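Visitor: Here's my sequence, what's the structure:
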Amino acid sequence: MRKLFGLFLVMVFLCTGLAGQDSQVTGEDELVAKARYVVGALSANNFKGAIRDFDATMLKVASPEKMAEAWKMVTAKVGVFKKQGAARKEQQTPYDIVFITCEFEKEMLDIRVTFDKEKHIAGFHFVPAQLEPYQPPAYSSPGLFEEKDVTVGSGEWLLPGTLTIPKGNGPFPALVLVHGSGANDRDETLGSNKPFQDLAWGLASRGIAVLRYEKRTRVYGAKLKGNLEFANSLTVRDETTEDALAAVLLLKTEKVIDPKKIFVLGHSLGGMLIPRIAADGKNLDIAGFIIMAGATRKFEDMFLEQTNYIAGLDGVVSEDDKKQVAEIEKSVKKIKALKESDLQSQEMILMAPVSYWLDLNEYEPVKVVKDIRQPILVLQGARDYQVTTEDFENWKKALSPSAGKNTDFKLYPMLNHLFFEGEGKSTPAEYMKIRKNIAEYVINDIAEWLKKSSEPVSKSGK
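Guide: Residues are numbered from 1 along each chain as shown. This is a model prediction of the structure:
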């Protein structure tokens with residue numbers, strides 16, 4: 001099996017924007033042609049020409065040298081570029097997004113190019129290729145719900161979102177979905193899979209409203225990188241917590257939502273941050289929380305653990321594997337040695353600023369979770385190699401005094417990090433090459449728990 005090192009908790013490739021060598025494409029519009037131009041320049045090592053169509057913000061953080069470094073990093077992982085394939089477009093107001101599916105020696109990737117209203121490039125990412133179209137789960141019933149566009153947050157960080165509402169008069173219980181690590185969209189799209197859409201459609205079919213939204217680092221990635229002062233002070237509160245609480249506040253303004261029955265579900269990094277979300281939102285009367293594959297241990301240690309796991313999947317650890325592991329080990333040691341005085345540094349460690357690591361290293365989720373008085377549901381896949389059963393047991397130990405009263409635990413033997421079924425060892429290919437949906441029994445367990453937890457919480461308040 002080919003080895004692929006992913007970013008922590010989410011197997012996606014991310015880098016800053018690029019552009020490139022002209023490519024005439026018959027029958028395709030200007031934005032698609034510009035996106036193909038990006039790919040052409042990269043494959044021809046024309047990194048100076050690559051920044052031709054950047055907007056002002058991207059130009060602040062990009063240079064031919066950085067583009068060369070990014071391309072080298074990607075091709076080192078997925079092999080030599082071979083050819084461009086199909087193009088598709090999406091709209092994320094006020095941006096237009098073009099995806100170019102590209103064949104590399106070892107992997108298919110989608111190159112995601114984001115354009116502003118002036119048709120300048122405002123963002124650029126490598127993501128797993130969507131080789132098959134997403135298929136909604138069979139357990140969802142679109143005739144039982146409707147969806148509407150909403151905006152989460154206020155001020156400079158407005159985020160587009162989708163509220164999925166059961167048909168009927170309501171008021172309905174509601175659930176906010178909080179993403180894992182990486183610049184996720186509202187569906188937590190990974191290849192052909194959309195686990196957050198599975199959750200939204202499955203739960204709305206069972207009478208529960210669901211709010212999902214674009215992550216701040218996805219919508220404003222270029223802006224964050226362009227503002228070096230802000231980028232160098234970034235924490236998980238900026239990245240995740242503030243927007244999760246803004247989503248709760250939005251739901252409280254919706255007439256069809258019962259304001260006493262608003263719950264929050266965090267997946268992966270979002271699950272790890274549930275105790276913080278609860279602490280920061282203690283005055284919002286949140287009804288309860290769901291931790292879905294939530295980490296409990298130090299991020300950097302888990303990153304190293306994942307790297308070693310993937311390196312050994314085929315039973316052979318090559319010299320290249322050993323070098324990559326050694327590089328991660330150096331970064332882990334550097335993170336553990338960080339001090340407050342290092343905040344002045346503009347260094348990025350494992351693709352995050354010093355401020356981010358210091359913030360996480362001061363946070364102990366298994367301690368903070370003990371202060372939560374609302375009901376908690378902890379879900380874990382036994383085949384998950386990113387957040388493991390060790391983390392599940394840590395949650396159980398931390399919450400054991402309240403188990404049976406406010407806390408429930410579910411361990412699923414056949415499920416991976418995205419709560420997809422499989423057998424044997426879980427691999428990155430399960431996320432990127434295989435189209436699946438969240439297992440129906442997970443949807444049923446969540447729906448049953450939400451309904452069970454709603455009435456007691458609405459009476460007891462906090």
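
Visitor: Could you pull up the mean pLDDT of stretch 39-55?
Guide: The average pLDDT for stretch 39-55 rounds to 87.

Visitor: What segments of the stretch 1-150 of the chain are helices?
Guide: Under the criterion DSSP state H, counting those that start in this stretch, the stretch 1-150 of the chain contains helices at 30-43, 56-61, 64-78.

Visitor: and those helices, which one is worst for confidence?
Guide: The bottom spot among the helices of the stretch 1-150 of the chain, by mean pLDDT, belongs to helix 56-61, with a mean of 76.

Visitor: for it, the distance to its chain's centre please.
Guide: Counting by CA atoms, centre = their mean, to the nearest Å, helix 56-61 is centred 24 Å from the centre of its parent chain.

Visitor: could you dump it to PDB, C-alpha only?
Guide: The C-alpha trace of helix 56-61 is given here as PDB (Å, rounded to 0.1, in the frame of the first residue of the first chain):
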ATOM      1  CA  ALA A  56      -3.400  41.700  -3.300                       C
ATOM      2  CA  THR A  57      -3.800  39.600  -0.100                       C
ATOM      3  CA  MET A  58      -2.300  36.500  -1.700                       C
ATOM      4  CA  LEU A  59       0.600  38.500  -3.100                       C
ATOM      5  CA  LYS A  60       1.500  39.400   0.400                       C
ATOM      6  CA  VAL A  61       2.000  35.800   1.400                       C
END
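
Visitor: Just give the number of residues close to Ile262.
Guide: Other residues near Ile262 come to 28 when the count uses other CB atoms under 10 Å. For glycine as for every other residue, the C-beta is placed from the backbone atoms N, C-alpha and C.

Visitor: and it, what are its bridge partners?
Guide: Beta-bridge pairing of Ile262, defined through DSSP bridges, involves Ala174.

Visitor: End to end on stretch 104-113, go ahead and measure it.
Guide: End-to-end distance of stretch 104-113: 18 Å, with CA to CA, to the nearest Å as the criterion.

Visitor: Stretch 111-127 too?
Guide: Counting by CA to CA, you get 6 Å between the two ends of stretch 111-127.

Visitor: residues of it that come out buried?
Guide: By neighbour count on 16 or more other CB atoms under 10 Å, the buried set for stretch 111-127 is 111-116, 120-127.

Visitor: try stretch 140-158
Guide: Ser140, Phe145, Val150, Val152, Gly153, Trp157.

Visitor: And for stretch 413-428?
Guide: Buried positions in stretch 413-428, judged by neighbour count with 16+ other CB under 10 Å: Leu415, Asn416, His417, Leu418, Phe419, Phe420, Glu421, Gly422, Ser426, Thr427, Pro428.

Visitor: next one: stretch 286-305
Guide: So stretch 286-305, judged by 16+ other CB under 10 Å, has buried residues 286-300, 302-305.

Visitor: Please apply the same query to stretch 30-44.
Guide: 31-43.

Visitor: With stretch 388-395 instead?
Guide: For stretch 388-395, the buried set under the neighbour-count rule, 16+ other CB under 10 Å, comprises Thr388, Asp391, Phe392, Asn394, Trp395.

Visitor: Generate TSV for those, with pLDDT, secondary structure and distance to Arg276 as supplementary columns.
Guide: Putting the buried residues of stretch 388-395 into TSV (pLDDT from 0 to 100; DSSP: H, G, I helix; E, B strand; the rest coil; distance: CB to CB, whole Å) gives the following:
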residue	pLDDT	secondary structure	distance to Arg276
Thr388	95	coil	21
Asp391	97	helix	16
Phe392	97	helix	19
Asn394	97	helix	16
Trp395	96	helix	15
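
Visitor: Which parts of this structure belong to which domain?
Guide: Domain ranges of the chain: 13-128, 142-298+358-460, per automatic domain parsing.

Visitor: gap between the shortest one and the chain center?
Guide: Centre-to-centre, domain 13-128 and its host chain are 21 Å apart (CA atoms, centre = their mean).

Visitor: Not counting sequence-adjacent ones, nearest residue to Lys215?
Guide: Counting by CB to CB, 6 or more residues apart in numbering, the nearest residue to Lys215 once its immediate chain neighbours are dropped is Asn184, at 4.6 Å.

Visitor: The one you found sits in which helix or strand?
Guide: When elements are defined using DSSP states H and E, Asn184 is found to belong to no helix and no strand.
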